[in-house]
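*Asks:* Predicted structure and sequence below. I'll ask about it afterward.
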Amino acid sequence: MSQLRNVAVLVGSLRKDSFNRKAALALAALAPASLKLEIVEIGGLPHYNQDLDSEPPAPWVEFRGRVNAAAGVLFVTPEYNRSVPGVLKNALDVGSRPYGRSVWSGKPGAVMSVSPGAIGGFGANHHLRQSLVFLNVPTMPQPEAYIGGAAELFDASGAIRNDATRAFFQKFIDAYAAWLEKNV
């Protein structure tokens, strides 16, 4: 059996009843015993400002420490205007600075986009992948995960309603476990 790997999970939606948070929690529940998924909150991160690099705000320090300590990173995000939400982009920026001390570099990653729309956040998923290439995050290529129709996927408690979706989530998290093991 492989050793336990901590995975930082970044949820791109701050909404209280977020479909993306439900998806992240569902992935955590389905994760194999070799993974421990923990959501790293990004809503309270002050906007990145290079002037603060010499004396970074405490939330930046805590965030960078949590991501740095993780073996890998999983992004679960909605799509806003064919891109990622600003809060997620800010988290990428905070983690990538100061120059030469990025917490992202070399961390195996994966992206799942979740949306009520039919195309499942395809634009956000691919836009995020562009940034991850620059940040040197080896991102799992398959299976791609664009989850549409999110309003119908979860019951009142946040559990996945149907077997086909649950099976896909299982396939995704199992593939990520293998990707992480191969790339750490």
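*Replies:* That came through fine.

*Asks:* C-alpha from now on. contacts and neighbour counts both.
*Replies:* Noted.

*Asks:* Mind giving me the packing neighbours of the longest helix along the chain?
*Replies:* As assigned by DSSP state H, the longest helix anywhere in the chain is helix 163-183. Helices and strands touching helix 163-183, by 3 or more CA pairs under 8 Å, 6 or more residues apart in numbering; DSSP states H and E, are helix 19-30, strand 109-114.

*Asks:* Run through the residues that contact Arg161.
*Replies:* For Arg161, the contact set (CA atoms under 8 Å, 6 or more residues apart in numbering) comprises 152-155.

*Asks:* Next, the buried residues of the host helix or strand of Trp60.
*Replies:* According to DSSP states H and E, Trp60 maps onto helix 58-69. Residues 60, 63-64, 66-68 are the ones in helix 58-69 that count as buried (16 or more other CA atoms under 10 Å).

*Asks:* Out of the residues you listed, flag the one nearest to Ala167.
*Replies:* Comparing the buried residues of helix 58-69 against Ala167 with CA to CA picks out Val67 as the nearest, at 28.1 Å.

*Asks:* Test my guess that that closest one contacts Leu10.
*Replies:* No. Contact criterion CA atoms under 8 Å: Val67 and Leu10 do not qualify, at 9.6 Å.

*Asks:* overlap in contacts of these two?
*Replies:* Residues touching both Val67 and Leu10 (CA under 8 Å, 6+ apart): 40, 73.

*Asks:* related to what we said a few turns ago, now tabulate the helices and strands packed on helix 163-183 in TSV and tack on distance to Leu92, mean pLDDT and mean neighbour count.
*Replies:* Shown next, in TSV, are the helices and strands packed on helix 163-183 (distance: least, CA to CA, whole Å; pLDDT from 0 to 100; neighbours: other CA atoms under 10 Å):
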stretch	distance to Leu92	mean pLDDT	mean neighbour count
helix 19-30	18	97	21
strand 109-114	13	98	28
